[in-house]
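In: need a 3D model of the sequence below.
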Amino acid sequence: MVDVIAQECLPRVVSKDIKLNGDIGVSTKIIIQIFVNRVFITLSNFNKFGSIVECLPSISVINQKLDFRVKTLLGPREDVVNDIYARQLTEKIIKMEQIRNPTMFTLKPLLLAVALKEEMRTPESFRSLIDEVVGMYEDLTRSS
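Out: Got it, this is the predicted structure:
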């Protein structure tokens with residue numbers, strides 16, 4: 001019985017090294033860990049965490065729409081690109097969960113560790129990384 005409980009407490013994990021823009025791109029490590037109470041995603045070109053940003057989703061009491069509170073926990077607070085990554089990933093993950101199960105989805109907070117080189121902070125790289133992470137998340141949650 002203890003082994004079953006311990007196994008359920010372990011996060012589901014997937015990781016991948018990708019290069020955007022073909023072989024000339026910068027190698028980016030993506031790690032997704034889905035815990036019972038939150039999602040932890042790492043995006044790194046440096047094999048370390050860098051800044052850590054939290055995105056807390058909620059349902060607005062005013063209009064019943066999704067609302068997001070983004071907060072930098074570690075790292076420079078003035079770097080809004082990290083906030084945008086956290087917000088977009090959280091929003092896309094929740095929308096995917098809503099489509100799968102409209103009546104039983106959860107609003108899990110997201111912790112995002114970001115350490116990206118300047119050349120990875122372009123709009124094209126942003127879209128490519130978001131799409132890659134969402135695809136990986138979808139594959140990981142579909143298999144469970």
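In: next SSE after the worst-scoring helix or strand of the chain on mean pLDDT?
Out: Confidence across the helices and strands of the chain bottoms out at helix 2-9, with a mean of 58, counting by mean pLDDT, DSSP states H and E. Following helix 2-9 in sequence order, the next helix or strand is strand 12-19 (DSSP states H and E).
In: just want the most central residue of the protein.
Out: Ile41 (4.4 Å; CA atoms, centre = their mean).
In: list the contacts of Gly50.
Out: For Gly50, the contacting residues are 44, 75, 113-116, by CB atoms under 8 Å, 6 or more residues apart in numbering. (C-beta placed from N, C-alpha, C; glycine too.)
In: any idea how far it is from Asn37?
Out: Taking CB to CB, to the nearest Å as the measure, Gly50 falls 23 Å from Asn37.
In: and for Leu129?
Out: Leu129 sits at a distance of 25 Å from Asn37 (criterion: CB to CB).
In: on that earlier part again, narrow the contacts of Gly50 to those in helices?
Out: Among these, no residue falls in helices (DSSP state H).
In: can you redo those as TSV with neighbour count, pLDDT and distance to Arg100?
Out: Conversion of the contacts of Gly50 to TSV gives the following (neighbours: other CB atoms under 10 Å; pLDDT from 0 to 100; distance: CB to CB, whole Å):
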residue	neighbour count	pLDDT	distance to Arg100
Ser44	19	96	28
Gly75	16	95	32
Ala113	20	98	26
Val114	25	96	27
Ala115	20	95	31
Leu116	21	93	29
